[in-house]
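[1] I would like the atomic coordinates for the input below:
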Amino acid sequence: MDDLQHFELPDHTLDELPANEWEDIEIELLIEGLFRAYGYDFRHYLRSSLRRRIRNRMCMDGVPTVTGLLNKVLHEPDYVQKLTNDFSIKVTEMYRDPSFFRAFRERVVPLLGKLPEIRIWHAGCSTGEEVYSMAILLQEEGLLGKARIYATDMSERAIEQAKEGKFPLKRMQAFTKNYLQAGGTKEFSAYYTTDRDYAIFDRSLAQHMMFAQHNLATDSTFNEFHVILCRNVMIYFNPELQDRVHRLFHDSLTESGILGLGSMEYLIAPWKQHYEELADGERLFVKKD
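    Predicted structure coming up:
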């Protein structure tokens, strides 16, 4: 009782917290609940990005509070996949940033051509557009036959979509433009057939791909790679998680391996000292021996 008598509330009591600070507390509880109950670790994702996705899910499902989402997560296991799929980043397109793929064709392909086999990891591959882009590029350069492309994402739904190798037909015009700007050498339509709604890419491309779930926040390395591509994924991570992922990539690259980042990403200290820039401005780096 003596301890209770001496307990004092902080000056800034819960009743005085602004609404946005209440929401911040709820978001932290939701993220901790996902981790402790199911092992999904979003604790080091930028809160601004998560907040937008949480609010969007609340709006779509008519849930008035973040605590309401937490209640559904803890008591409706099927709801967990819906929410974690929202957290997965799905902004992608074929040959996104065409100059990156052109630089890869001009600067990286000659290096890969000297290898007896090629192992490439697309980390955070989303629904697979850039994976198929790389497969087509390697085929045109005569390298696909000795290549194995490992494509991973934290979202099971995204991985299942990527395995299908089909993308909305209405996006093909933009994808074709990207392909040509990236240095494509054939008719892009030669790589796919169509139905009424989708472009379905040649299954021979998928024979050189392996898709799997992998969480950059918690999972470890699973192979040694000549190339790792992780483009516009780490912009959603806080500095601590970025450091973890850079360590994972460095440990997963062969000597003189290639790291490719997104147009809005940079090597961070202390990892920048372990790489040399391979193509000016294109976020392609070679690991120092």
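
[2] next one: stretch 178-192 to chain centre, how far?
    Taking CA atoms, centre = their mean, to the nearest Å, the mean C-alpha location of stretch 178-192 is offset from the chain mean by 24 Å.

[3] Kindly check the end-to-end length of that stretch for me.
    16 Å (CA to CA, to the nearest Å).

[4] Now do the buried residues in it.
    178, 179, 182, 183, 184, 188, 191, 192 (16 or more other CB atoms under 10 Å). Where you see a C-beta, it was placed from the backbone N, CA and C, and this is true even at glycine.

[5] repeat for stretch 206-223
    So for stretch 206-223, counting by 16+ other CB under 10 Å, buried means 206, 208, 209, 211, 214, 215, 216, 217.

[6] same check, this time on stretch 233-242
    233, 234, 235, 236, 237, 241, 242.

[7] What of stretch 106-123?
    Quick answer for stretch 106-123 (16+ other CB under 10 Å): 107, 108, 109, 111, 112, 118, 119, 120, 121, 122, 123.

[8] for stretch 75-82, same thing?
    Quick answer for stretch 75-82 (16+ other CB under 10 Å): 79, 80.

[9] how about the strands of the stretch 101-250 of the chain, start to end?
    For the stretch 101-250 of the chain, strands defined by DSSP state E, counting those that start in this stretch occupy the ranges 118-123, 147-153, 166-168, 192-194, 198-201, 209-213, 225-230.

[10] Which of the ones you listed sits closest to residue 32?
    Judged by CB to CB, the one of these that comes nearest to residue 32 is strand 209-213, at 21.8 Å.

[11] Now tell me what touches the longest strand along the chain from outside.
    Using DSSP state E, we find that the single longest strand of the chain is strand 253-261. For strand 253-261, contacts defined as CB atoms under 8 Å, 6 or more residues apart in numbering pick out 100, 104, 108, 111, 224-231, 234, 249, 267, 275, 278, 283-287, 289.

[12] count of residues packed around residue 134?
    By the criterion of other CB atoms under 10 Å, residue 134 has 26 neighbours.

[13] contacting residues around it?
    101, 120, 122, 149, 229.

[14] thought residue 275 was touching residue 285?
    Yes: taking CB atoms under 8 Å as the definition, residue 275 is a contact partner of residue 285 at 3.8 Å.

[15] okay, and the common contacts of the two?
    259, 267.

[16] Report the separation between the two terminal residues of stretch 223-242.
    Termini of stretch 223-242 sit 20 Å apart (CA to CA).

[17] mind showing which ranges of this protein have poor pLDDT?
    1-19, 89 (pLDDT under 70).

[18] go with 80
    Confidence mapping of the chain against pLDDT under 80 gives the ranges 1-20, 88-91, 289.

[19] center of this structure - which residue?
    residue 124 (2.4 Å; CA atoms, centre = their mean).

[20] what's the nearest residue to that residue once chain neighbours are set aside in contact with, if anything?
    Distance criterion CB to CB, 6 or more residues apart in numbering; nearest residue to residue 124, sequence neighbours excluded, is residue 233 at 3.7 Å. Neighbouring residues of residue 233 by CB under 8 Å, 6+ apart: 89, 123, 124, 216, 262.

[21] what do you get for residue 164?
    With CB under 8 Å, 6+ apart, residue 164 has no contacts at all.

[22] now residue 154
    Per CB under 8 Å, 6+ apart, neighbours of residue 154: 84, 87, 88, 124, 213, 214, 215, 216, 217.
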